[in-house]
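Chemist: The sequence and its predicted three-dimensional model are supplied below.
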Amino acid sequence: MAASCRFKPLSRVAVSGGTHGNEMSGIYLAKHWLRNPMELQRGSFAVTPFLGNPRAIEKCVRYVGRDLNRTFTTEFLSSTEAEDEPYEVVRAREINQTYGPKGSAQAFDFMFDLHNSTANMGTCLIVDSEESLLPMHMCHYIQTHYTRSPCPIYLYKLLGEETYSINSVAKAGLALELGPQPQQVVRADLFTQMRDLMACALEFIELFNNGTVLPAFEIEAYKITGRMDYPRYPDGEISAMVHPKLQDKDFRPLNPGDPIFQTFSGEEIPYEGDTTIYPAFINEAAYYEKKVAFAKMEKHMFSIPGLQRE
Amino acid sequence: MTSCYVVHEAPVRRVAIFGGTHGNELSGVFLVKHWQENGAEIQRTGLEVRPFITNPSAVKKCTRYIDCDLNRVFDPDNLGKQITEDIPYEVRRAQEINHIFGPKDSNDAYDLIFDLHNTTSNMGGTLILENSRNNFTIQMFHYIKNALAPECCPVFLTEHPNLKYATTRSIAKHPVGVEVGPQPQGVLRADILDKMRKIIKHGLDFVHIFNEGKEFPPCTIEIYKIMEKVDYPRNKNGEITAVIHPSLQDQDWQPLNNGEPIFLTLDGETINYEGDSTVYPTFVNEAAYYEKKQAFVKTVKVKLTAKGIRSSLS
């Protein structure tokens, strides 16, 4: 039997709510925890809550200058201060200083990032890649202990792409993506689910820190392969909507020939790929401007080696 | 057979369909844009139907409004304000719209305006009525409800001494609000767009049939009349301390009785409704209403009767 990988116990853990200022579950949770920090205390560690993008939260918008959750690349983090730079670049450098620096030994051990989507993402767990062992073990623990709804795992990093998300500042991270929820709205059910998922994740860290041996396992996860834009007119306006048969079908198989868009005149546009893929972020409001109607993923089975505290 | 008591109403010749009064309510935006390119679907003989984007700057930014809510500034005060440098964009826009489709309360005003909206609340395809004595509109709503049955088409009456607001559509003689949800802001759902499209189709069919001389006998419809707005519980700093309870979430138009849950605090406590009688909540958890201090609106179910009508030219 292969020996477990060994990691130091996690002592410095953070959670961001409001990385996007209009995704309300995380904002309400973070504000609640800032008033009641005891809820995030455990025997072997405590979690520091913070508001990811305070200016965007104040205005209840996704971002003020640029998407904060795309700003944690080397390019932005190491750029010199400039007069007219977007607020989020300044904020990213602040967060990198407090919870990073990204890639260094001083960085926080773990960061959670709380998100909502207008897409039917359910209770989705987002990790950068299957090579991030600690987050993969955490996902496995959550899937087996939080059984109210399936928790699909979405691996967001494309091959060769640099990580750009807020939690990439820490040594390891996990994002919770709960939907569907409109922007600017807080639904009690999703708020409660997010809170319970966090409690489950913290249980895992406590178990890990206390020396529990976490054996190897096989796990199913969805790996992003590309993104599909809306059909558009020459002037850039969208010329078709997500087809009613695709709407809300996140994580369900999409086969070649299945309808994906419907024009305003009622015509169906089919999926023209060669193989079955799994869509996610179907009809996410914030992705219209990013030219993404849905993300395309492949389903994989990964073998994850065992893990134990050093 | 001619009815002994039928009101002769002027034929309806000039109709407008407004989209983008709120720039992030996308069904109306895209329907109007489509109809501006290809208007065959909304044409009917004997009437002019003009699709129009009311708040283009907000539509461009995919935001509800730029400076202030366009759907609240069609009152005489704002419509008559002098245009200065610092006048809000929407007030200036309201005056432009009033010039094209009004003037409000004059004979030159458009006969009928459909104002297309979406809501994050689970209101289905709701028709909004501003005046309980507008026989033409009530008859139209009766027609639309029948055409869409068994699908529900709730009618929301916003007539109220203080709670009524000066809408974009109020410049027309017959203002009609079409509010379809649930749909997130900034999202275009095919099913929601289709529902809105059907409502407009039947509304225009009604106008056409009416103009052709059909007599519509007196009718009665069940409507929901606005009573009161209910805000979220807040602390001293004005921050919301409780959210819509899961039992109330998505239950627009369903009866709410005394003692039933309405809010859930962030500490997990339930706050119950305290009232003498059953109410019917609507606009439950509408995104845009957090800033307007509205968690939901209480309505009561009322039967409204319209007189028989017939076009005066027939």
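Modeler: That came through, no problem.

Chemist: quick one, what contacts A:Val89?
Modeler: A:65-66, A:71, A:76, A:79 (C-beta atoms under 8 Å, 6 or more residues apart in numbering or on different chains). Every C-beta, even on glycine, is put in place using the N, C-alpha and C of the backbone.

Chemist: One more pass at 7 Å, please.
Modeler: A:71, A:76, A:79 (C-beta atoms under 7 Å, 6 or more residues apart in numbering or on different chains).

Chemist: quick one, longest helix in the chain?
Modeler: No chain was given, so I picked chain A. Ranked by number of residues, the top helix in chain A under DSSP state H is helix A:188-209.

Chemist: think we crossed wires, I meant chain B
Modeler: helix B:190-211.

Chemist: do it and chain A meet?
Modeler: Yes: contact of helix B:190-211 with chain A (C-beta under 7 Å from any C-beta of the partner chain) involves B:190-191, B:193.

Chemist: which among these gets closest to A:Leu202?
Modeler: B:Asp191 (38.8 Å; C-beta to C-beta).

Chemist: My read is that the closest one contacts A:Lys245, right?
Modeler: No: B:Asp191 is not in contact with A:Lys245 according to C-beta atoms under 7 Å; the separation is 10.4 Å.

Chemist: what helix or strand is the most centrally placed residue in chain A on?
Modeler: Nearest residue to the geometric centre of chain A (C-alpha atoms, centre = their mean): A:Ala175, 3.5 Å. Here A:Ala175, judged by DSSP states H and E, is contained in strand A:172-179.

Chemist: what separates that strand from the chain centre, distance-wise?
Modeler: Averaging C-alpha positions (C-alpha atoms, centre = their mean, to the nearest Å) puts strand A:172-179 4 Å from its chain's average.

Chemist: what's near enough to touch B:Ala264?
Modeler: Quick fix: residue B:264 is Leu, not Ala. A:188, B:242-243, B:245-246, B:270 are the contacts of B:Leu264 under C-beta under 7 Å, 6+ apart.

Chemist: can you check B:Lys293 too?
Modeler: B:Asp231.

Chemist: Number of residues surrounding residue 103?
Modeler: If you meant another chain, say so; for now it's chain A. Residues contacting A:Gly103 under the criterion other C-beta atoms under 10 Å in any protein chain shown number 13.

Chemist: not what I meant, chain B
Modeler: Neighbour count for B:Pro103, taken as other C-beta under 10 Å: 14.

Chemist: so how many other residues sit close to the spatially closest residue to it that is not a sequence neighbour?
Modeler: Leaving aside its sequence neighbours, B:Pro103 sits nearest to B:Ala109 (C-beta to C-beta, 6 or more residues apart in numbering or on different chains; 6.3 Å). The number of residues packed near B:Ala109 is 18, by other C-beta under 10 Å.

Chemist: Quick check: B:Ala109 vs A:Leu77, distance?
Modeler: 58 Å (C-beta to C-beta, to the nearest Å).

Chemist: picking up where we left off before, the longest helix of chain A to strand A:172-179, inter-axis angle?
Modeler: Angle of helix A:188-209 versus strand A:172-179, following axes from the mean of the first three to the mean of the last three C-alpha atoms, to 10 degrees, is 160 degrees.

Chemist: Counting by contacts, list what helix A:188-209 packs against.
Modeler: If you count contacts as 3 or more C-beta pairs under 7 Å, 6 or more residues apart in numbering or on different chains; DSSP states H and E, helix A:188-209 packs onto helix A:24-35, strand A:110-116, helix A:133-145, strand A:172-179, strand B:242-244.

Chemist: continuing past it, what's the next helix or strand?
Modeler: By DSSP H and E, the next helix or strand past helix A:188-209 is strand A:217-228.

Chemist: Give the buried residues for that next one.
Modeler: By 16 or more other C-beta atoms under 10 Å in any protein chain shown, the buried positions in strand A:217-228 come out as A:219, A:221-224, A:228.

Chemist: Run a quick neighbour tally on the residue of the stretch 201-314 of chain B found nearest chain A.
Modeler: Across the stretch 201-314 of chain B, no residue is closer to chain A than B:Ala287, which sits at 4.0 Å (C-beta to the nearest C-beta). Here the count is done by other C-beta under 10 Å, and B:Ala287 has 22 residues near it.

Chemist: who touches the residue nearest to it when sequence neighbours are not counted in this structure?
Modeler: In space, and not counting its chain neighbours, B:Ala287 is closest to A:Gln184: 4.0 Å by C-beta to C-beta, 6+ apart. A:Gln184 sits next to A:22, A:24, A:60, B:185, B:287, B:290 when contact means C-beta under 7 Å, 6+ apart.

Chemist: What separation do you get for A:Arg252 and chain B?
Modeler: As judged by C-beta to the nearest C-beta, to the nearest Å, A:Arg252 and chain B stand 17 Å apart.

Chemist: nearest spatial neighbour of that residue, skipping sequence neighbours?
Modeler: A:Tyr278 (7.2 Å).

Chemist: Quickly find the element holding the one you found.
Modeler: Assigning secondary structure by DSSP H and E places A:Tyr278 in strand A:278-280.

Chemist: Parallel or antiparallel, which strands does that strand pair with?
Modeler: strand A:294-304 (antiparallel) (DSSP bridges).

Chemist: Report the inter-axis angle for the strand it pairs with versus helix A:133-145.
Modeler: Using the same axes, to 10 degrees: strand A:294-304 against helix A:133-145 is 100 degrees.

Chemist: what's strand A:294-304 in contact with?
Modeler: Contact partners of strand A:294-304, identified using C-beta under 7 Å, 6+ apart, comprise A:130, A:133, A:136-137, A:216-228, A:277-282.

Chemist: count of neighbours near A:Thr147?
Modeler: A:Thr147 has 9 neighbours, counted by other C-beta under 10 Å.

Chemist: Look up how far chain B lies from it.
Modeler: 19 Å.

Chemist: do A:Ala46 as well
Modeler: 20 Å.

Chemist: leaving aside the residues next to it on the chain, what's closest to that residue?
Modeler: A:Leu40 (6.1 Å).

Chemist: Next up, phi/psi of the one you found, please.
Modeler: Backbone geometry at A:Leu40, expressed as degrees, to the nearest 10, gives phi -100, psi 10.

Chemist: Check the contact between B:Val15 and B:Val207; I expect there is one.
Modeler: Yes: with contact defined as C-beta under 7 Å, B:Val15 counts as touching B:Val207 (6.5 Å).

Chemist: Can you work out which residues contact both of those two?
Modeler: B:47, B:112.

Chemist: which element is the residue nearest to the spatial centre of chain B on?
Modeler: When C-alpha atoms, centre = their mean is applied to chain B, the residue found nearest the centroid is B:Gly177 (2.6 Å). Assigned by DSSP H and E, B:Gly177 belongs to strand B:174-181.

Chemist: now the strands for the stretch 151-300 of chain B?
Modeler: Counting by DSSP state E, counting those that start in this stretch, residue ranges of the strands within the stretch 151-300 of chain B are B:155-157, B:174-181, B:219-230, B:242-244, B:261-265, B:270-272, B:280-282, B:296-306.

Chemist: that older thread, which of the contacts of A:Gln184 tops the neighbour count?
Modeler: Neighbour max across the contacts of A:Gln184 (other C-beta under 10 Å) = A:Met24, 28 neighbours.

Chemist: That residue and A:Ala188 touch, don't they?
Modeler: No: A:Met24 lies out of contact with A:Ala188 (C-beta under 7 Å); the separation is 11.1 Å.

Chemist: Three-state assignment for the most far-flung residue of chain A relative to its centre, please.
Modeler: When distances are taken from the C-alpha mean of chain A, A:Ser265 lies farthest, 35.5 Å away, according to C-alpha atoms, centre = their mean. Taking DSSP: H, G, I helix; E, B strand; the rest coil as the rule, one finds A:Ser265 in the coil state.

Chemist: Look at it and report its pLDDT.
Modeler: In this model, A:Ser265 is scored at 95, pLDDT.

Chemist: cool, and the one 3 residues further on?
Modeler: For A:Glu268, the model assigns a pLDDT of 98.

Chemist: now A:Glu161
Modeler: For A:Glu161, the pLDDT comes out at 89.
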